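> predicted model and sequence below, questions to follow.
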Amino acid sequence: MGIGCIGAGFIMADCHLVAYRAAGLNPVAIAARRYEAAAEVAARHSIPRAYDDYRRLLDDPAVEVVDIAVPPDVQPGVIEEVLARHGRIRGILAQKPLATNYADAKQIVERCRGAGVKLVVNQNMRYDHAVRGCGNLLQRGALGDPVLATIEMRAVPHWMPWQERLGWVTLRIMSIHHLDTFRHWFGTPRRVIASVRPDPRTARQFAHEDGIVLVILEYDSGLRCLTIDDVWAGPAREGAEADLGVRFRVEGTAGMALGEIGWPAWPERRPSTLDYTTTAGGWQRPRWPEAWFPDAFVGPMAELLRDLEGTAPAVATGDDNLLTMAVVDAAYRSAHEHRAVDITEITTGIHRPPQEHRA
């Protein structure tokens, strides 16, 4: 199927399209606000046509699926334009976060469902090889019943210009990967507890709340998950030695898995790693040559294409992603109100004020 690419920034040019070409997918057109940017990326990846307006791309008869890589406050309007093509475009791969909040994301999902357009969300950490390997262990029951899972990120990402106008740093940009990974591994939690503070470095650039983020997920089974997302990571840009990385740990009643995600080394290509041990004894250390950046980015698009061709149903659908959006919104509410927030408060729209919760 012909893929139309909307956006020509880093994620599209250096991740999506690299992975698509390596997998033999078929990008046929690209659009960006600046024609020069679209043309440069088109030339680099041998894409036949470049446009300076994504609406012209949507009218291209060769485009059957669209890959959208625009800011989250812009994305709903682009999706509405796709749906206005009356079903000629069969599928959408949208970026995360799907919108600026759960309620707006829900409207997008409902509109796509009503139009008969398949929607998949680019939650690409799910497709990192170590993350998928750990998920396979959990699915097989090799680690027993999950007891405790943690993801710890100490990294200094490259921030995008649109974050300043939205006032976001970490929760909807970085933590959303880790919260979605927990959901992918274990399902949706019952409640969320979060604490945030500004990142001293980014605070010099623009005002925000969610620089350094700690989120606990509580499950009815007793499982607890914790993500620590630290984009300050010490004065690593101010002259001190850096200790950067993303590590996960999953402990179960019958085994334990340890992983390290390779992307903080970008632009160095560093594959993620997975080590695990079970009560049967010994450490197992599978390794892969692929890396999250850029190889895992083929995963969501491949899911969408396979679903459209009838090979296998997509998993990272818009409906599924609504639950990740609900967890993120619950984390913001928890941090603002200094309390545990039940996920149903977000999904039903029934808000329990802090005093009612304490009572």
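Yep, it's here.
> could you give the number of residues near the closest residue to Arg33 other than its chain neighbours?
Distance criterion Cβ to Cβ, 6 or more residues apart in numbering; nearest residue to Arg33, sequence neighbours excluded, is Asp52 at 7.1 Å. Bear in mind the C-beta positions are built from the backbone N, C-alpha and C, glycine included. Counted with other Cβ atoms under 10 Å, the neighbours of Asp52 add up to 15.
> from Glu64, how far out is Asp52?
Distance of Asp52 to Glu64, computed by Cβ to Cβ, to the nearest Å: 22 Å.
> list the contacts of the residue nearest to Arg33.
Ala31, Ala32, Arg33, Arg34, Tyr35, Ala38 (Cβ atoms under 8 Å, 6 or more residues apart in numbering).
> OK, contacts around the second one?
Read that as Ala32. Listed by Cβ under 8 Å, 6+ apart, the contact partners of Ala32 are Gly7, Ala8, Ala38, Val41, Ala50, Tyr51, Asp52.
> now it: how far from Arg56?
To Arg56, Ala32 is 12 Å away according to Cβ to Cβ.
> leaving out chain neighbours, which residue sits closest to the residue most central in space within the chain?
Nearest to the mean C-alpha position of the chain, counting by Cα atoms, centre = their mean, stands Gln123 at 3.3 Å. Using Cβ to Cβ, 6+ apart and skipping the chain neighbours, the partner closest in space to Gln123 is Asp180 (4.7 Å).
> point out the other helices and strands that the host helix or strand of the one you found packs with.
Counting by DSSP states H and E, the element that carries Asp180 is helix 176-186. Applying 3 or more Cβ pairs under 8 Å, 6 or more residues apart in numbering; DSSP states H and E, one finds that helix 176-186 contacts helix 129-140, strand 146-154, strand 212-218, strand 224-230, helix 318-337.
> the inter-axis angle of it versus strand 146-154?
160 degrees (axes from the mean of the first three to the mean of the last three Cα atoms, to 10 degrees).
> the residue nearest to Gln123 and Asp128 touch, don't they?
No - look at Asp180 against Asp128 with Cβ atoms under 8 Å: they stay out of range, at 11.6 Å.
> the more surrounded of the two?
A count of neighbours by other Cβ under 10 Å puts Asp128 above the other of Asp180 and Asp128, at 28 against 24.
> mind pulling up the pLDDT for the closest residue to that one other than its chain neighbours?
Leaving out its chain neighbours, the residue that sits closest to Asp128 by Cβ to Cβ, 6+ apart is Trp292, at 4.1 Å. Note on Trp292: pLDDT of 94.
> Ile193 - that's part of a helix, no?
No - read with DSSP: H, G, I helix; E, B strand; the rest coil, Ile193 is strand and lies in no helix.
> next, count neighbours for it.
Residues near Ile193, counting by other Cβ under 10 Å, number 19.
> coming back round to it: now do the residue nearest to Arg33, the pLDDT please.
96.
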